[in-house]
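Asks: From the sequence below, what's the structure:
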Amino acid sequence: MSLMDNLLGILRVHVKRGINLAVRDVSSSDPYVVLKLGRQKLKTRVVKKNVNPNWNEDLSFTVTDPNLSLTLIVYDHDLFSKDDKMGDAEIDLKPYIEALRMELSGLPDGAIISTIHPNRCNCLAEESYVRWSNDRIVQSICLRLRNVERGEVEVELQWIDLPGSKGL
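Replies: Reported below is the predicted structural model:
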């Protein structure tokens, strides 16, 4: 059985920026983000001496299981010691996958498909909207980092269908 037999599509995660991240060096941090989906692990570049970094990077994962959660971990890059953890968050992909399975088309740009509210079970810093944008479904998310004194990270999810893949 090949990867294409189980492949549902590609999840592109646009890692936008960090907001008010924790200081882990003398007066600042050198943050980067690690994203994990199943056994796949990708990371952004390091932004030197900045607790409000702008990464603006796209990281793409192959999706074979729509029930997996996406894990986000922020680290402070250190040259001579182990990188310090600056918090983590988890993204439940189910609301986004459910919207994709609706097979919507032709909606007005910016139309909200669903709203996910922050609660004790998720890492949302504010309401997250699954919306129609430029003929595709996207979800903008502002995550409040756990296991740290402060910090948020903004990301956006986007789905890419692949010809020959199983699809959702």
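
Asks: contacts, neighbours, all on C-alpha from now
Replies: Noted.

Asks: So for the lengthiest helix in the chain, what gets flagged as buried?
Replies: Counting residues, the longest helix in the chain under DSSP state H turns out to be helix 94-101. Buried positions in helix 94-101, judged by neighbour count with 16 or more other Cα atoms under 10 Å: 96, 97, 99, 100.

Asks: Then stretch 69-89?
Replies: Of all the residues in stretch 69-89, those buried under the rule 16+ other Cα under 10 Å are 70-77, 83-89.

Asks: mind showing which ranges of this protein have poor pLDDT?
Replies: The model of the chain has pLDDT under 70 over residues 1-5, 165.

Asks: Strands along that one, start to end?
Replies: Using DSSP state E, the strands found in the chain span residues 9-19, 31-37, 40-43, 54-63, 69-76, 84-92, 112-116, 128-133, 136-144, 152-160.

Asks: Now do the third one: distance to the chain's middle.
Replies: On the basis of Cα atoms, centre = their mean, to the nearest Å, the separation between the geometric centre of strand 40-43 and that of its chain is 11 Å.

Asks: which parts of it are buried?
Replies: For strand 40-43, the buried set under the neighbour-count rule, 16+ other Cα under 10 Å, comprises residue 43.

Asks: Direction included, what does that strand pair against?
Replies: Using DSSP bridges, strand 40-43 pairs in its sheet with strand 31-37 (antiparallel).

Asks: cool, the longest one as well?
Replies: Taking DSSP bridges as the criterion, strand 9-19 pairs within the sheet with strand 54-63 (antiparallel), strand 152-160 (antiparallel).

Asks: CA atoms only for it, dumped as PDB, please.
Replies: The C-alpha coordinates for strand 9-19 follow below in PDB (Å, rounded to 0.1, in the frame of the first residue of the first chain):
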ATOM      1  CA  GLY A   9      -4.400  15.800   1.600                       C
ATOM      2  CA  ILE A  10      -2.000  18.400   2.800                       C
ATOM      3  CA  LEU A  11      -2.400  20.700   5.800                       C
ATOM      4  CA  ARG A  12      -0.600  23.900   5.400                       C
ATOM      5  CA  VAL A  13       0.000  25.800   8.600                       C
ATOM      6  CA  HIS A  14       0.900  29.400   8.300                       C
ATOM      7  CA  VAL A  15       2.800  30.400  11.400                       C
ATOM      8  CA  LYS A  16       2.200  34.100  11.600                       C
ATOM      9  CA  ARG A  17       3.700  35.600  14.800                       C
ATOM     10  CA  GLY A  18       4.300  35.300  18.500                       C
ATOM     11  CA  ILE A  19       2.900  37.900  20.900                       C
END
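
Asks: Appreciated, that's everything.
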